[in-house]
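S.K.: Whatever this is, show me its structure:
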Amino acid sequence: MFRALRQTTRLGLYQARWNSTGSPSLPPLMTKLRTDLKTAMRAKDAARLDVLRALISETNNSQKTASPIQTDLQLLSLIKKRVAASKDSVQQFIEANRPDLKEKEDKAQEILEEYASQVETMSVEEITQIVSQEVAKLKEAGEKFQVGTVLKSLFAPGGPLDGKPAERSEVAKIAKDAVSSA
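M.R.: Down below sits the predicted model:
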């Protein structure tokens, strides 16, 4: 009697385990960061280790939030935020007369920019062309067009920039210029 009960429980366990093994896919740059982390550990490159550990940690922490990092563009956005924070830190170190900390932060900034350059995005010319076409379309339709409506139509599902590697901040700047000139 106990043996039959035991086998059915195991069968249920195997089924639950089999069906619950799905894991989220990582952006290609994230896998590169992880392999570079191992390489930096072997080479004992402290500056690169610090930068890579911080990026991987922030990415892992974002998995617990409402908007986890799932694409290279989101990872690029995170890297750019870190570069901006690094530039701010360099200015503060210069004011505080701390050249040792400034050098360390400069090295970290170089490493971050190296990884930021590995993400391919659309060129400014391509984005400008698409935005100008969208503004012309909205003009023809007779709708009032503002920066917000242009951005909504560009990034809407099925829109010209839907799913393409274009940074929203760059597109917003270009759309603002296009709307003000029209």
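
S.K.: going forward, measure contacts between C-alpha atoms and count neighbours the same way
M.R.: Noted.

S.K.: Report the buried residues of the lengthiest helix in the chain.
M.R.: The longest helix of the chain (DSSP state H) is helix 72-95. Residues of helix 72-95 classed as buried: 72-80, 82-83, 86-87, 89-90, 93 (neighbour count, 16 or more other CA atoms under 10 Å).

S.K.: go on, stretch 139-155?
M.R.: For stretch 139-155, the neighbour count (16+ other CA under 10 Å) marks F145, V147, V150, L151, S153, L154, F155 as buried.

S.K.: As CSV, those residues with distance to S181 and pLDDT would be great.
M.R.: CSV is the format used below for the buried residues of stretch 139-155 (distance: CA to CA, whole Å; pLDDT from 0 to 100):
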residue, distance to S181, pLDDT
F145, 12, 72
V147, 12, 82
V150, 14, 84
L151, 16, 85
S153, 19, 84
L154, 18, 84
F155, 21, 83
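
S.K.: now, among those residues, which is nearest to I127?
M.R.: Taking CA to CA as the measure, I127 lies nearest L154 of these, at 10.2 Å.

S.K.: so the closest one touches E134, yeah?
M.R.: Yes. Using CA atoms under 8 Å, L154 is in contact with E134, at 7.3 Å.

S.K.: hmm, back to that, any idea how far the longest helix of the chain is from the middle of the chain?
M.R.: Put simply, helix 72-95 sits 14 Å off its chain's centre (CA atoms, centre = their mean, to the nearest Å).

S.K.: can you start the count at 53 instead of 1 from here on
M.R.: Right, with 53 as the first residue, what we last looked at is helix 124-147.
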